[in-house]
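Novice: I'd like to go over a predicted model; first the sequence, then the structure.
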Amino acid sequence: AQTLREAAASSGRFIGTAVADHRLNDSTYRNIAATEFSSVTAENAMKWESIEPNRGQYDWSGADRLMEFAAQNNQQTWGHTLVWHSQMPGWLENGNFGAAEFRQIMNNHIDTVMGRYRGQMDRWDVVNEVLNEDGSLRNSKWLQVLGESYIADAFRAARQADPNAKLFINDYNTDGVNAKSDGMYQLVQRLLQQGVPIDGVGFQSHMILDQIPGTYQQNLQRFADLGLEVVVTELDIRMNTPADSTRLQRQAQQYRSVTEACLAVSRCTGITVWGFSDRDSWIPDWFEGEGAANIYDENYQPKPAYYALREAF
Ligand code: XIL
C-alpha cells in the first residue's frame with residue numbers, strides 16, 4: 001500500500017486523524033490529511049465552546065470547513081463531541097441552571113448540532129469522558145445537575161436528532177482491563193439493558209511509551225462481545241523529549257501492536273490518530289517534557305511509527 005488509507009482499506013478498516021482547523025491552510029498539512037486518511041475528526045471545531053461561544057450565537061465556520069474537506073476527499077466523519085465536562089463555553093460552565101432548563105439546553109444542543117450535519121456524519125461521540133479513574137461516574141456539572149440519567153437522555157436525543165449516525169461513548173485510560181474500563185463496561189451494560197441507543201465505544205488511547213496495556217485486545221473484545229462497535233479514537237504514544245532513535249523504534253512497535261489488537265477484533269472498525277504530526281500535537285502543551293507522540297515528525301516526514309502502522313494494517 002502507498003498510503004495509510006489504502007492499507008487500512010485492505011483490512012476493511014478506516015484510518016482517521018484529528019484535524020486542527022487552523023492548519024488546513026497549510027498545503028503540506030492539508031495534502032497529508034486528504035491523502036493518507038479515510039476519516040476525520042475535528043480536534044476542537046465541534047466542541048461546544050467552539051460552536052456556541054455565547055448562548056444562542058453559533059459559529060459553524062470550523063465545523064463546516066471540515067465537513068466540506070471530508071466530502072471533497074471521500075472521507076468518513078466523526079463528530080466530536082456533544083456532552084463533555086471540558087471545553088464548555090463560559091455561559092454554560094458558570095451559568096446557574098435548574099435541572100429542567102439544563103436538560104433542555106443539552107437536548108437542544110444535541111438536536112441543533114447533529115441536525116446541522118444530519119445524514120453527513122458517520123459517527124458521533126455523544127458523551128465524552130464521563131468516568132473517574134476508579135470507574136465511578138465523573139462528578140461533572142452534567143452529573144451534578146441532572147444525575148446519571150443525563151447519559152441515557154443524551155443518547156436518546158442523539159438517536160432522534162440523526163437516526164443514521166452511529167452513537168459512541170468515548171473515554172481515556174479505558175484501553176486495557178482496569179478499574180476504569182470495568183466501570184465503562186458496567187455502564188454500557190446498564191445502558192443496553194435499559195434499551196438506550198448506543199452503537200459503540202471509543203477508546204481514546206492517549207498512551208505512554210512502554211506502557212501499552214497487555215490486555216488491550218482482550219478489553220476491546222469484551223466490549224465487542226456486547227454487540228458494540230469498538231474504535232481507537234484518539235491514538236498517540238508520547239515519550240519524554242527529546243526523542244531518540246531507539247525510542248522512536250519502540251514507539252513504532254507499539255503503534256503496530258495497537259493496530260494488531262484492533263485487527264484481531266472483528267468489530268473494531270478503525271483507528272483515529274490524534275493529529276499526525278509532532279508539530280501540531282496537543283501533547284507538549286498538556287504534558288510537560290513529553291511529546292514526539294505522533295506518526296510524522298515536525299517537518300511532516302513519516303516516522304518509523306508511520307511505516308509500522310501502514311504495514312500492520
Ligand atoms: C484536546 C485538543 O487536542 C487540544 O487542542 C485542546 O486544547 C484540548 O483538547 N480527549 C479528548 C480530546 O476527547 O478532545 C482532547 O483534545 C484530548 C483528550
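Specialist: Sure, I can see it.
Novice: residues of the stretch 51-200 of the chain that sit close to the ligand?
Specialist: Within reach of the ligand by CB under 6 Å from any ligand atom, the stretch 51-200 of the chain has these residues: N128, Y172. Bear in mind the C-beta positions are built from the backbone N, C-alpha and C, glycine included.
Novice: what residue in the stretch 51-200 of the chain comes nearest to the ligand?
Specialist: Closest to the ligand within the stretch 51-200 of the chain is N128: 5.2 Å, counting by CB to the nearest ligand atom.
Novice: does the nearest residue to I212 once chain neighbours are set aside belong to a helix, a strand or coil?
Specialist: Excluding the flanking residues, the one nearest I212 by CB to CB, 6 or more residues apart in numbering is Q254, at 5.0 Å. With DSSP: H, G, I helix; E, B strand; the rest coil as the basis, Q254 sits in helix.
Novice: what about stretch 27-41, average pLDDT?
Specialist: Regarding stretch 27-41, the rounded mean pLDDT is 98.
Novice: residues contacting that stretch, please?
Specialist: Residues outside stretch 27-41 that contact it (CB atoms under 8 Å, 6 or more residues apart in numbering) are 3-5, 8-9, 14-19, 23-24, 66, 69-70, 72-80, 122, 233-234, 270, 272, 276-277, 280, 296, 300.
Novice: buried members of the residues you listed into ChimeraX, please.
Specialist: A single ChimeraX command selects the buried members of the contacts of stretch 27-41 (16 or more other CB atoms under 10 Å):
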select :4,5,8,14,15,16,17,18,19,23,24,66,69,70,75,76,77,78,79,80,122,233,234,270,272,276,277,280,296,300
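Novice: secondary structure class for A158?
Specialist: helix.
Novice: show me what contacts it?
Specialist: Counted by CB under 8 Å, 6+ apart, A158 has contacts L82, I110, M114, W124, V126, A165, L167, P197.
Novice: hang on, the earlier thing: sitting in helices, which of the contacts of stretch 27-41 do you find?
Specialist: L4, R5, A8, A9, L66, F69, A70, Q72 (DSSP state H).
Novice: in terms of helices and strands, where is V177?
Specialist: For V177, there is no host helix or strand (DSSP states H and E).
Novice: wait, it touches Q218, no?
Specialist: Yes. Using CB atoms under 8 Å, V177 is in contact with Q218, at 6.1 Å.
Novice: model confidence score at the residue lying closest to V127 once chain neighbours are set aside, please.
Specialist: Closest residue to V127 apart from its sequence neighbours, by CB to CB, 6+ apart: V83 at 4.7 Å. V83 is assigned 98 on the pLDDT scale.
Novice: among the contacts of stretch 27-41, which are in strands?
Specialist: 14-19, 76-79, 233-234, 270, 272 (DSSP state E).
Novice: can you give me the neighbour number for the residue nearest to I212?
Specialist: A count of nearby residues for Q254, using other CB atoms under 10 Å, gives 20.
Novice: cool, R55 as well?
Specialist: 11.
Novice: got the contact list for the residue of the stretch 201-313 of the chain found nearest the ligand?
Specialist: Closest to the ligand within the stretch 201-313 of the chain is W282: 3.4 Å, counting by CB to the nearest ligand atom. With contacts defined as CB under 8 Å, 6+ apart, W282 is in contact with E43, W274, G275.
Novice: select from those residues the one having the most neighbours.
Specialist: G275 (27 neighbours).
Novice: you'd agree it is up against N44?
Specialist: No. Using CB under 8 Å, G275 makes no contact with N44, being 11.0 Å away.
Novice: helices of the stretch 201-313 of the chain, start to end?
Specialist: 216-224, 245-263, 283-286, 304-312 (DSSP state H, counting those that start in this stretch).
Novice: now do the shortest one: distance to the chain's middle.
Specialist: This points to helix 283-286. Between the centre of helix 283-286 and the centre of its chain there are 17 Å (CA atoms, centre = their mean, to the nearest Å).
Novice: in it, which residues are buried?
Specialist: I283.
Novice: pull the residues that contact it.
Specialist: D236, R238, T241, E290, G291, A293.
Novice: for those residues, give me TSV that also has pLDDT and neighbour count.
Specialist: Output for those, formatted as TSV (pLDDT from 0 to 100; neighbours: other CB atoms under 10 Å):
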residue	pLDDT	neighbour count
D236	98	26
R238	98	25
T241	97	17
E290	98	16
G291	98	21
A293	98	27
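Novice: how many residues are close by the closest residue to R222 other than its chain neighbours?
Specialist: Among residues not flanking R222 along the chain, Y185 sits closest, at 6.4 Å (CB to CB, 6+ apart). Applying other CB under 10 Å, we find 18 residues neighbouring Y185.
Novice: G119 reaches D162, doesn't it?
Specialist: Yes. Using CB under 8 Å, G119 is in contact with D162, at 7.2 Å.
Novice: the more surrounded of the two?
Specialist: Between G119 and D162, counted using other CB under 10 Å, the more crowded position is D162 (22 against 8).
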